[in-house]
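> dropping the sequence and predicted coords here.
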Amino acid sequence: MGYGIRDGDIISLSNPKAGALTLSVPFWDYSPRGTLDPYDLWATQPAVRTVIGFIARTVASVPFHVYQGDNQGGKVIDAAHPLNRALHRPWPKQGQGRFIEALILDMYIYGRWAFLAMPDGEGGYEFPKLKANRFSMVVDGFGRFKQAAIHAADGSGIDTVPLEHVVFDLGPEPLFGEHRTGSTSVTTLEDLARELTAMGEYREDLFKNSARVPAVIERPKDAGRWSDASFDRFKREFSTYRAGGGNAGGTPILEDGMTYKPVSTVSPKEAQYIDVRKLALEEAAQALHVPPELVGAREGTYSNIVALREQLYQDVLGPLIKWTQEAMNVGLEHLLGPGEEIRADVDSKLRTDWATRAKIYQTSVGAPILTVNEARAREGMPAQEGGDTLITPLNVTKGGLASPTDTGQTNEPDPADPLPAIGGKARPATVAKADGTDAGDAEDTKSFADGDSDALQQAITALEGAAVKAVEEIVAGLSERLGVGRKAPSDLEAALGQAYMVKDEKLIAQILAEYLPDVAAESSLQTFAQMGAEVGAWQAESQYSWLSKAGQTYARVLVEERFYKRIEEVIFADDSDTQIRAVLDDAGNQAKKWVTGTVTEVVSFGAKDAAEEAKATHKTWLTTSAHPRDTHAELNGLTIPIEHEFPNGLRWPGDWTGRGPETANCKCRLRYEKLF
């Protein structure tokens with residue numbers, strides 16, 4: 001047997017084929033002398049491993065599913081599909097995350113990845129991964145893939161795999177011969193790795209050979225020669241200042257004019273160790289198209305880190321995820337049916353926290369997205385009977401709101417109110433007309449609609465009485481806490497801050513929670529009776545959720561807007577103490593107007609709820625006061641389809657989507673009918 005040497009590698013000439021050379025190192029593991037193996041780059045260079053690891057882990061966190069088209073033109077996950085099961089358990093005792101991570105690592109280290117699609121004997125499939133440094137793709141003269149070639153570890157031969165059994169992806173490379181292996185950008189970091197290696201060796205020698213003493217003690221020449229006994233005594237005494245010596249932390253006394261001088265040693269900063277590390281990480285990140293801020297190579301602000309993370313799955317990892325997804329769809333095409341595809345669920349990584357998503361879903365969908373049992377399952381609780389039906393609050397389907405948490409616009413201030421806007425001067429109160437209405441176009445202050453049923457009028461009267469009484473209590477407390485009449489105007493601003501009390505708002509909210517359900521329910525029952533319709537399966541309890549949220553909003557508007565904010569507005573005006581008195585003295589009247597608007601809104605809500613349940617088709621506007629505003633007088637008796645708006649832009653009296661001039665102090669009603 002003959003031997004030779006080539007590039008420092010021993011080769012044999014024992015191959016029976018004349019002229020053949022056999023490398024002692026298999027071809028697929030061989031690297032020319034002086035080059036770094038891509039695997040070694042990844043395994044030994046912290047910067048390279050950090051960036052590639054970040055990419056692989058991030059892509060692996062994106063779930064891949066098999067999706068099937070539905071009848072509505074969308075795509076849903078086909079959890080029962082054999083390929084979907086294989087994607088989530090590609091090999092016995094292995095999950096999808098580690099499988100995808102291994103594929104991405106292969107792509108970045110070797111420029112290629114591949115796995116086989118093999119039946120598992122149980123009607124499903126297994127995906128054994130091929131070693132990236134042991135396979136190549138065989139192509140014809142036009143570069144078309146023909147089959148996969150698996151090279152034995154000892155270089156003894158090649159096994160081929162039909163193209164339909166292998167799923168693969170290759171990095172870009174020029175065509176060369178009949179084997180393609182792909183290319184990797186990791187090799188472009190070889191120069192950086194060599195530089196880091198050389199600098200590491202230099203720093204190692206630097207720290208190894210540099211002085212290891214923090215300081216020296218100098219003794220002057222004219223001090224004379226120390227005797228052995230004196231030297232031993234000094235060493236023994238000075239050693240007590242070390243840790244555990246008994247005098248640690250104390251101050252030694254030097255003799256014979258001795259001086260203590262620190263020794264300058266090489267620090268990591270002086271050796272530029274930290275700077276080089278950060279530069280290496282930054283260059284590796286840039287070479288692999290990852291923003292350096294995401295791997296800690298550069299400091300970033302909160303805003304740009306958030307923006308970069310949003311871009312991560314689109315511009316940074318988007319192409320890689322797309323190529324991986326496409327390779328799987330092409331490689332497994334013969335196992336996918338019509339309308340089926342493998343897709344990475346990138347949206348799951350772009351979602352916000354659950355609380356934020358729930359609010360977005362409710363607003364965009366306009367209804368709850370979970371059943372009771374689905375919500376209980378998320379919390380690890382057992383299912384309940386009847387909990388599999390999706391509940392849609394009546395305020396969404398029948399109240400006209402955008403979502404279950406939307407309480408609509410509350411009553412805005414009466415445009416005829418005598419109080420000023422923020423920063424303005426207080427203006428005199430308007431003079432009341434003889435008929436009881438003020439100079440504005442608000443409705444008059446007579447009793448509520450005579451057409452209301454006795455039960456509804458009683459519910460409204462009870463609400464009005466309880467609310468006005470509560471307002472009187474709040475006003476008395478405010479007067480006391482503000483010290484009206486006892487404090488100078490300059491003290492009022494500080495007094496206002498001390499005057500605000502949450503219990504005022506809670507008091508009104510409690511009253512509304514008690515009385516609003518009765519008003520809404522009686523309005524619904526009145527509408528059923530007016531239409532001659534049966535109540536059927538309708539239940540007043542279905543209104544409670546919306547009424548609870550609406551009541552909290554009403555209470556906040558009354559206490560904050562009608563009281564505290566109005567007082568704040570006049571603090572800096574002339575005669576502010578007098579104006580505050582006016583606000584408080586007028587609070588009862590304002591509360592009655594507020595109750596009127598609130599009642600109209602809730603009555604309209606209850607009536608609309610019942611009308612939808614009774615399948616009403618048309619609605620008629622009815623004015624109920626002796627002196628309605630002109631726009632409402634023009635609407636009196638007007639009948640329109642139930643889904644249309646009236647000419648003043650409102651869907652019903654007190655419509656929360658309207659504005660103060662059309663809703664404040666309004667007492668109009670609607671009559672619903674089923675005309676066809």
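Nice, I can see it. This one's a predicted model, so the numbers in the text were calculated from it and none came from an experiment. Residues are numbered from 1 along each chain as shown.
> low pLDDT regions in the stretch 251-400 of the chain?
Counting by pLDDT under 70, the stretch 251-400 of the chain shows low-confidence ranges at 263-274, 276, 300-307, 309-310, 350-367, 391-400.
> quick one: the helices in it, in order.
Here the stretch 251-400 of the chain has its helices, by DSSP state H, counting those that start in this stretch, at 273-287, 302-311, 318-331, 347-350, 354-365, 372-378, 394-397.
> not counting its neighbours along the chain, what's nearest residue 383?
residue 373 (4.2 Å; CB to CB, 6 or more residues apart in numbering). (Each C-beta comes from the backbone N, C-alpha and C, glycine too.)
> hmm, residue 140 is touching residue 147, no?
No - with contact defined as CB atoms under 8 Å, residue 140 does not count as touching residue 147 (10.3 Å).
> burial count for the residue nearest to residue 383?
17 (other CB atoms under 10 Å).
> looks like it contacts residue 385 (just checking).
No - between residue 373 and residue 385 no contact is recorded; they are 9.3 Å apart, counting by CB under 8 Å.
> of residue 140 and residue 147, which one has the most company?
Neighbour comparison, residue 140 and residue 147: the larger count goes to residue 147, with 14 against 9 (by other CB under 10 Å).
> any idea how far residue 346 lies from residue 295?
Distance, residue 346 to residue 295, using CB to CB, to the nearest Å: 20 Å.
> check residue 98 too.
For residue 98, the distance to residue 295 equals 21 Å [CB to CB].
> which one's more surrounded, the two?
More crowded of residue 98 and residue 295, by other CB under 10 Å: residue 295, with 19 against 12.
> do I have it right that that one meets residue 54?
Yes - look at residue 295 against residue 54 with CB under 8 Å: they come within range, at 5.3 Å.
> quick check: residue 68 is in a strand.
Yes - under DSSP: H, G, I helix; E, B strand; the rest coil, residue 68 sits within a strand.
> give me the distance between it and residue 459.
Here the distance between residue 68 and residue 459 works out to 53 Å (CB to CB).
> between those two, which one's more packed in?
Between residue 68 and residue 459, residue 459 has the larger neighbour count (other CB under 10 Å), namely 24 against 20.
> which parts of the helix or strand harbouring the more buried one are buried?
Residue 459 is part of helix 454-482 when elements are defined by DSSP states H and E. Within helix 454-482, the residues that count as buried by 16 or more other CB atoms under 10 Å are 456-457, 459-460, 463-464, 466-468, 470-471, 474-475, 478-479, 482.
> just stretch 592-599 next, same as before
Taking 16+ other CB under 10 Å as the basis for neighbour counts, the residues of stretch 592-599 that come out buried are 593, 594, 595, 596, 597, 598, 599.
> list the contacts for the residue nearest to residue 455 when sequence neighbours are not counted?
Leaving out its chain neighbours, the residue that sits closest to residue 455 by CB to CB, 6+ apart is residue 522, at 4.8 Å. When contacts are counted by CB atoms under 8 Å, 6 or more residues apart in numbering, residue 522 is found next to 453, 455, 456, 459, 606.
> which one of these is nearest residue 340?
Proximity of these to residue 340 was ranked by CB to CB; the top entry is residue 606 with 49.6 Å.
> ok, and the closest non-adjacent residue to that closest one?
Leaving out its chain neighbours, residue 606 is closest to residue 523 (CB to CB, 6+ apart), at 3.2 Å.
> so for the strand or helix carrying the one you found, what's the average pLDDT?
Using DSSP H and E, the element containing residue 523 is helix 502-531. Along helix 502-531, the predicted confidence averages to a pLDDT of 87.
> and the helix or strand hosting residue 550, what does it pack onto?
Remark: residue 550 resides in helix 544-556, with elements defined by DSSP H and E. Applying 3 or more CB pairs under 8 Å, 6 or more residues apart in numbering; DSSP states H and E, we find helix 544-556 packed against helix 394-397, helix 502-531, helix 587-613.
> point me to the helix or strand that includes residue 619.
Using DSSP H and E, residue 619 sits within strand 618-622.
> between the contacts of residue 522, which is nearest residue 256?
Of all these, residue 256 sits closest to residue 606, with 103.3 Å by CB to CB.
> for the record, mean pLDDT for stretch 459-473?
Taken as a whole, stretch 459-473 has an average pLDDT of 85.
> and the closest residue to residue 180 other than its chain neighbours, how many neighbours?
Leaving aside its chain neighbours, residue 180 sits nearest to residue 137 (4.8 Å; criterion: CB to CB, 6+ apart). The local packing count at residue 137 equals 20, with neighbours defined by other CB under 10 Å.
> what residues are up against residue 137?
For residue 137, the contacting residues are 112, 145, 147, 148, 149, 168, 170, 179, 180, 181, by CB under 8 Å, 6+ apart.
> nearest to residue 555 among these?
Nearest to residue 555 out of these is residue 168 (CB to CB; 65.5 Å).
> name the element residue 655 belongs to?
Residue 655 is part of no helix or strand, with elements assigned from DSSP H and E.
> before we move on, the earlier item: how close does the residue nearest to residue 383 sit to residue 387?
Residue 373 sits 4 Å away from residue 387 when distances are taken as CB to CB.
> could you do residue 590 as well?
Applying CB to CB to residue 590 and residue 387 gives a distance of 45 Å.
> more crowded one of these two?
Shown here are residue 590 and residue 387; by other CB under 10 Å, residue 590 has more neighbours (21 against 15).
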